[in-house]
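Asker: Quick one: sequence plus predicted model below, questions after.
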Amino acid sequence: MNTSLEQEVKSICASCDNDRTRMMDIVRAVQETLGYVPGHAMDLIASELGTHRVEVESVVSFYAFLSSRPQGKTVIRLCDDIIDRMAGIEHIAEVFKEELGIDVGETTDDGALSLEFTPCIGMCDQAPAALINDVPVTALSSDRAREIVQGLKNGEMPKKLVHRLGDGNNADPLVHSMVQNNIRKRGDVIFSDHTSHDGLKKALGMSPAEVIREIKAARLRGRGGAGFPTGMKWDFTRGAEGEHKVVICNADEGEPGTFKDRAVLTERADLLFEGMALAGYAVGADTGILYLRAEYAYLRQYLENVLKERRDKGLLGKNVCGKEGFDFDIRIQMGAGAYICGEETALISSCEGLRGDPKNRPPFPAQKGYLGRPTTVNNVETFCCAVRIIENGAAWFANLGTHGSPGTKLLSVSGDCEGPGIYEVPFGITVHELLKEVGAENCQAVQIGGPSGQLVGPEAFDRKIEYDDLATGGSVMVFNNDRKVLEIVDYFMDFFIEESCGYCTPCRVGNVLLKERLAQIMNGKGTPEDLPYLERLGNTVKTASRCGLGQTSPNPILSSLQNFRSVYDELVKPASDGMQPSFDIAAALKTSEEIAERKSTVFTTA
Amino acid sequence: MTKPKVATTSLAGCFGCHMSLLDIDDRILKLVELVDFDKSPVDDIKTFTGRCAVGLVEGGCANEENVHVLQDFRNHCDILISMGDCATMGGIPAMRNTIPLQECLDVAYKTGVTVYNPDNVVPNDPDIPLLLDRVYPCHEVVKIDYHLPGCPPSADTLWEALVALLTDKPMELPYELIKYD
Amino acid sequence: MSTTITFTIDGVDVQGEPGQTIMQAADAAGIYIPRLCAFEDLSPHGSCRVCTVMVNGRPQSACTQPISEGMTVENNTDEITEIRKDIIEMLFVEGNHYCMFCEKSGNCELQALAYRFGIAVPKFPYLWPERDVDASHPDILIDRNRCILCGRCVRASRDVDGKTIFEFVGRGPNKRVAVNAEANLKDTDAAVTDTAMDACPVGALLKKRVGYATPVGERRYDHNPIGSDIESKRTTTA
């Protein structure tokens, strides 16, 4: 490394106080400066931070947006989730490959451009989409893809490729994005026009215990999908021993098909930060962290500015709103491409500058979370709900939705429907009602709650979207009769294999084995015995995995086996005469026949 | 009453499992009282003379002939047993499974440090069975009823297993008889 | 203050001390809970999941879960046995395990668990991953074909030796143990006397020139199943 680069790395480390826990910021900055994090930079970072090179490598190798090998100055990441595939991303990929003269996973000879696939970037409502460095380009067409490559080849900055601006704050100069909000239905809680922004002030007039009591009375449950009672979580954090408690906002919505936080961050950033401060007051925290997924980096500057404005207004910082002794500020922690970091303990690991491995529980974050401090991690939407509850009272909120699932829910609807976008609906809406609302016809299946949720068919369309029936963190993907169920399942398994942290055995190995057997069935080489095999294996992965990812990763297979059994039954055939249908003699001999330049005489049909 | 017939073969194995079978010592006299041997290197019968009660397969499938013989065994035997690690998991021949086939051949016949092959010829007579892309355990090619791991399985393991099968007893091998080495 | 916590494992009353994990209390009571990533005094890792037990009906890893008064632990049930077998078999097919020539055979904990559970062959297909061998160090060999990613060497080197020679890199199926150097163990300050070198349950981290020292028949698990030492401590019967 030449001296100037060495200086650069050193100054990046220094700008983060040579603090090992800021590793994410450091390696992200090095990646941004050098285009990758080479071995000698790892050595240097390790020595500046007083840590070990292999620990730096451990972090860099974990996150999809970081690389230890040279990458193009500009990286084009095509979103290849199932919805984008349905919208033709594979065709778009062909255009990019042709125009760039490289394959996916490669870099152009001049080192200028790299082409990659990436899982859901939160733009399913405007698929096919891609990220060009931080800049989202949506509703791609072949022509548009060609223009983009031309522009980049001409040396244009990715931001210049934004040829039209989206609605609302997407057009704000600090966002400057072509992303459309697609807020198609506004409910009473999040996107209602009546946000008074006095929830925080009202809360500061109450005691923290009263605030928590109010949240409990509203029966607010976490909006990320698991539905843990928010008031209880805050109570645990408040009651935990330890100083400098922490409030973390999980803005790492990586569940394929979810994009509602994108709109909240764009249009309701103030409400969110107000909610975080309110939570900080309730639990007795002084530190707030917004963990922002790397895919939403285009919102960062805007959000930083909102934070700055709030500091200027005294809504953050020392003595928030003049409340003596309540100091609370928020920093933004960028992610770097890892679905697992949506899991709260993995997210905390990431904030601490570590690999995004989930932590062992107990201790729970409320007892010992970020840097060992009592920590509450809540969803973007949950914080917003909390503000509105304090504004309007618990009874107002509890009367919305259903008894077990009060309030409204933001649903991100995508796939085969007329109106893909965000719908704020009261909990308890049936699938059927929702499908009508979004204009979905000939609907074969709906994936509720993303890959980790349930794939349900028409016989379940009378079921309700709520915690106690069909739970969802917001993802609703609609599939019409032309879609192949097992292709959807197969993609979801690929996703989990890609995103597993690999910490525990069942998730690391089991998902690969599930996918292997599914592929066999899809290739017409499955037997009826393969179905109980999948069920047993799926159950082991669900039961024995360490965190929510593994505990839900077999769901695509298990829920499709349950709800679309006939699809499997049509494909499997009993094995004849003791042979294993999965053994393919023709494939097994192919290489040999090529090398020997002769055909098998034993297996002439091969 | 005719005695049940037993067939044995060694596919991609080293005949070590067959040696272990012979290691049952004087119990072999009891064995011939219990069974007749059909196709087997033990009696050098090359082709099946009829249906067999038990087939013992040593070795995994490394080439097309192994597959052919194994399928032949499956077609002729009521119960098929994988005998030894090569049959149950590929064994030492399976060490090539992570190396491309061309590279294996090159090292074996051309570039290996102990190779003396002045003509630089890789044998390719039509009579030589074609290699498979990798070595397969037997149960990935045909259905296998019982697995006796070990390199080789001990004579006691083979004896206990055979006697249990031939006397219609459940095959429950004690701790010390299931070993992988 | 020393109070005693009473709970049950498979219906048997077990006493433990506050702060103990289920595994610690079970060990003391002579009840063996199978394990791979848990090792002596190293901090619990909870990664292999072999020690999965049902705690009041919910799956937990016994090596990380603290005991509490009145809890019901299921350890030796058909359901759990099936799960444990699946996990052990996953570890066999995930790597390239050639027991027939491995120096660790007979003393290997993974192999011993498979023996204990009577596994003749995994029900899963072998995955034959490409893994590398690092023989660069004069006294130590790393064979990643055999690595089961239990993290025992990682923790021993970091927490006991204070060296951090090993750490995990990559994720998912590509996760592996890397060394604190560009590529090779010889470029680290690893020493054959490090406690980490005795931490490996399988034959992935070996001392050179000491293999096969114990004759077959005298090795650790030749006659007695893994866990027998713990079970021999049991004084009461269920």
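Answerer: That came through fine. Numbers count the residues shown, from 1 in each chain, chains lettered A, B, ... in the order given.
Asker: what number of residues lie near residue 65?
Answerer: You didn't pick a chain, so chain A it is. Applying other Cβ atoms under 10 Å in any protein chain shown, we find 23 residues neighbouring residue A:65. In short, each C-beta sits where N, CA and C put it, glycine included.
Asker: Hmm, no, I was thinking of chain B.
Answerer: 15.
Asker: so what's residue 169 closest to, chain neighbours aside?
Answerer: Just so you know, I chose chain A. Distance criterion Cβ to Cβ, 6 or more residues apart in numbering or on different chains; nearest residue to residue A:169, sequence neighbours excluded, is residue A:266 at 4.9 Å.
Asker: Chain B, not that one
Answerer: Leaving out its chain neighbours, residue B:169 is closest to residue B:163 (Cβ to Cβ, 6+ apart), at 7.5 Å.
Asker: Any buried residues in the helix or strand harbouring the one you found, and which?
Answerer: Per DSSP states H and E, residue B:163 falls inside helix B:155-166. The neighbour-count check on helix B:155-166 (16 or more other Cβ atoms under 10 Å in any protein chain shown) flags B:155, B:156, B:157, B:158, B:159, B:160, B:161, B:162, B:163, B:165, B:166 as buried.
Asker: could you dump those residues to JSON lines with pLDDT?
Answerer: Converted to JSON lines, these look like this (pLDDT from 0 to 100):
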{"residue": "B:155", "pLDDT": "97"}
{"residue": "B:156", "pLDDT": "96"}
{"residue": "B:157", "pLDDT": "97"}
{"residue": "B:158", "pLDDT": "96"}
{"residue": "B:159", "pLDDT": "96"}
{"residue": "B:160", "pLDDT": "95"}
{"residue": "B:161", "pLDDT": "95"}
{"residue": "B:162", "pLDDT": "93"}
{"residue": "B:163", "pLDDT": "92"}
{"residue": "B:165", "pLDDT": "92"}
{"residue": "B:166", "pLDDT": "89"}
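Asker: ok, longest helix in chain C?
Answerer: helix C:78-94 (DSSP state H).
Asker: now check the helix or strand just after it, is it near chain A?
Answerer: Counting by DSSP H and E, the next helix or strand C-terminal to helix C:78-94 is helix C:109-116. No - using Cβ under 8 Å from any Cβ of the partner chain, we find that helix C:109-116 stays clear of chain A, coming within 11.0 Å at best.
Asker: can you tell if helix C:109-116 touches chain B?
Answerer: Yes - counting by Cβ under 8 Å from any Cβ, chain B has neighbours in helix C:109-116: C:111, C:114, C:115, C:116.
Asker: In terms of secondary structure, what does that helix contact?
Answerer: Packed against helix C:109-116, as judged by 3 or more Cβ pairs under 8 Å, 6 or more residues apart in numbering or on different chains; DSSP states H and E, are the following elements: helix C:78-94.
Asker: what comes up buried for the helix it packs on?
Answerer: Buried residues in helix C:78-94, counted by 16+ other Cβ under 10 Å: C:80, C:83-94.
Asker: Closest one of those residues to residue B:141?
Answerer: residue C:93 (16.5 Å; Cβ to Cβ).
Asker: Residues touching the helix holding residue B:163, excluding its own?
Answerer: Residues from elsewhere that reach helix B:155-166 (Cβ atoms under 8 Å, 6 or more residues apart in numbering or on different chains): B:4, B:6, B:17, B:20-25, B:27, B:31, B:34-35, B:53-54, B:56, B:79, B:81, B:83, B:146, B:148, B:150, B:169-173, B:177-179.
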